[in-house]
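Peer 1: Structure, please.
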Amino acid sequence: MINKREGIFSSRYRALTIGIILAVMAVAFEGLSVTTIAPVIAKNLQGMELYGWIFSAYLLAQILGTMIIGQQIDRSGPAFPFIFALFIFSIGLIIAAVTQSMLVLIIARALQGFGAGAILTCVYTSISLSYPDELRTKILAVFSSAYVLPALIGPYVAGIIAQYSSWRFVFWGIIPFIILAAFLSLPSFKGLKVKGVQNEGRRQTNLWAIQLTIGTGLLLSGLGMMPKFFGVILGIVGLILMIIPLRRFLPSGTFVACSGLPAMLASRGLFMACYTGTQSFLVLALTEVKGYASDTAGLIVASAALSWSTAAYIQARLDERDKGQGRRMRVLIGVFMMCVGIGVIVWVPIIGITLAVASQIIIGFGIGLAHPTSGAISFAQATEGTEGEVSASLQFVDSFTPGIVVGIGGALITISHTVGIAPYLGISAALGIQLILILISLLAAYQLPHIKK
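Peer 2: Residues are numbered from 1 along each chain as shown. I've put the predicted structure just below:
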């Protein structure tokens, strides 16, 4: 038990809490800004057919960052991996800022994704090692709230920059935040060690991560080439390569949402994917189909941030009041709200500013309830010595499922462009995928066990 007067900003935890906030904010600024400017980038670099890869390259590379750095954390602690992750992330920003090619931009996004995955894995591990269960929902709520300022101003500012100057300055502008995060947060990571972890299979795990990333990339590339025969073959090969690594990285029973950690990971992976996918394709619908400016689209996307942070704060207070007894119900309510929010915008022709904002507020509130609570549920089931493994699993599902789902949506848009149908039909199909998957996430959440008093 902790002292009742001790909180996440007490002297014992203050430095680490501030370090986490800075690190997460730096990653959030980049990710949320790109959501707004992606259509402008794709047009400028003449690569609209590769639109989905702007997101998928980033998210799939997080798999490598999560797995490789997760193994290194278990071996030596999070301090050095944290430095390395910030460096790779910064290199990706610089390349993206100067590139003249869509393919090079995608490579830069992959570097950013690797760095972001590694950064967040370090953060998750520090939470698991440093905070007791009674404070984890609070720090996880702050973790979620660290997206608030970037989410409120990042998309709008990025839209303004892209509309009136150049989208390249968005990437340049994030580098100072990385430098500040490194300077202020690194001391908090020193001395943290994971106890009792063996690393005999570290190299094999890294190879599985590489195979999974390659397989997923082939699958998504093949889907984008359909209905061509070569696309079908490429997709099948990619799917085969993916199967074994997925079974290695996820707890047994995740694919069928068995009660406990498997169900939590299945539900979380899907609702994170749907949140990311919905925002990505909503911005495209608003700018390319409805004709709204980038800054307007950015403001609409930002409306989800305030409701996310509000819900995260509420769930932390409720968790403190009921001692974690209501965590399952909060996840269920959150995912159900996301179902409602996504459902109202699936058909692109009916989307207007009012409906888009209402949808984002509902979706944001839903994930604000479900996201930090799902992390607390997962950490509560971690045994001593498996903190790094659980942290990596959380970050893995946060990266893999959004990457593949956004990639599938992007492939549908590419197919619609190839066969010459109206763009809004391809975007509507991409949003329809999000609705189907969020319903599956809700079913998986029902498999969570009831917490006994």
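Peer 1: what about the residue positioned nearest the centre of the chain, is that helix, strand or coil?
Peer 2: Taking Cα atoms, centre = their mean as the criterion, residue 398 is the residue nearest the geometric centre of the chain, at 4.7 Å. Classification of residue 398 using DSSP: H, G, I helix; E, B strand; the rest coil returns helix.
Peer 1: can I assume it is in contact with residue 265?
Peer 2: No - using Cβ atoms under 8 Å, residue 398 is not in contact with residue 265, being 9.9 Å away. (Glycine included, C-beta is placed from N, CA and C.)
Peer 1: picking up where we left off before, pull the contacting residues for the residue nearest to the centre of the chain.
Peer 2: Contacts of residue 398 were listed using Cβ atoms under 8 Å, 6 or more residues apart in numbering, and they are 62, 120, 268-269, 272.
Peer 1: for the helix or strand bottoming out on mean pLDDT in the chain, packing partners?
Peer 2: Ranked by mean pLDDT, DSSP states H and E, the weakest helix or strand in the chain is helix 133-145, scoring a mean of 72. Judged by 3 or more Cβ pairs under 8 Å, 6 or more residues apart in numbering; DSSP states H and E, helix 133-145 is in contact with helix 14-44, helix 102-130, helix 294-322, helix 353-380.
Peer 1: winner for burial among the ones you listed?
Peer 2: Mean neighbour count (mean count of other Cβ atoms under 10 Å) peaks for helix 102-130 among the helices and strands packed on helix 133-145, with a mean of 25.
Peer 1: ok, now which ones touch the nearest residue to residue 257 once chain neighbours are set aside?
Peer 2: Spatially, and ignoring its direct neighbours in sequence, residue 257 is nearest to residue 444 (3.8 Å; Cβ to Cβ, 6 or more residues apart in numbering). Residue 444 makes contact with 257, 263, 266-267, 270, according to Cβ under 8 Å, 6+ apart.
Peer 1: among those residues, which ones are buried?
Peer 2: With burial judged by 16 or more other Cβ atoms under 10 Å, the buried subset of those is 257, 263, 266-267, 270.
Peer 1: Residue 57: which of these is nearest?
Peer 2: residue 270 (20.8 Å; Cβ to Cβ).
Peer 1: show me what contacts the closest one?
Peer 2: 401, 437-438, 440-441, 444.
Peer 1: give me that answer again for 6 Å
Peer 2: 437, 440-441 (Cβ atoms under 6 Å, 6 or more residues apart in numbering).
Peer 1: The nearest residue to residue 210 once chain neighbours are set aside: neighbouring residues, count only.
Peer 2: In space, and not counting its chain neighbours, residue 210 is closest to residue 64: 6.8 Å by Cβ to Cβ, 6+ apart. Per other Cβ atoms under 10 Å, the neighbour tally for residue 64 reads 20.
Peer 1: Please report the distance of residue 64 from residue 234.
Peer 2: 21 Å (Cβ to Cβ, to the nearest Å).
Peer 1: And residue 50, by the same measure?
Peer 2: From residue 50 to residue 234 the distance is 15 Å (Cβ to Cβ).
Peer 1: quick one on the thing from earlier: nearest to residue 335 among the contacts of residue 444?
Peer 2: For those, the nearest to residue 335 is residue 267 (6.6 Å; Cβ to Cβ).
Peer 1: So for the host helix or strand of the closest one, mean pLDDT?
Peer 2: Assigned by DSSP states H and E, residue 267 falls within helix 261-284. The average pLDDT within helix 261-284 is 91.
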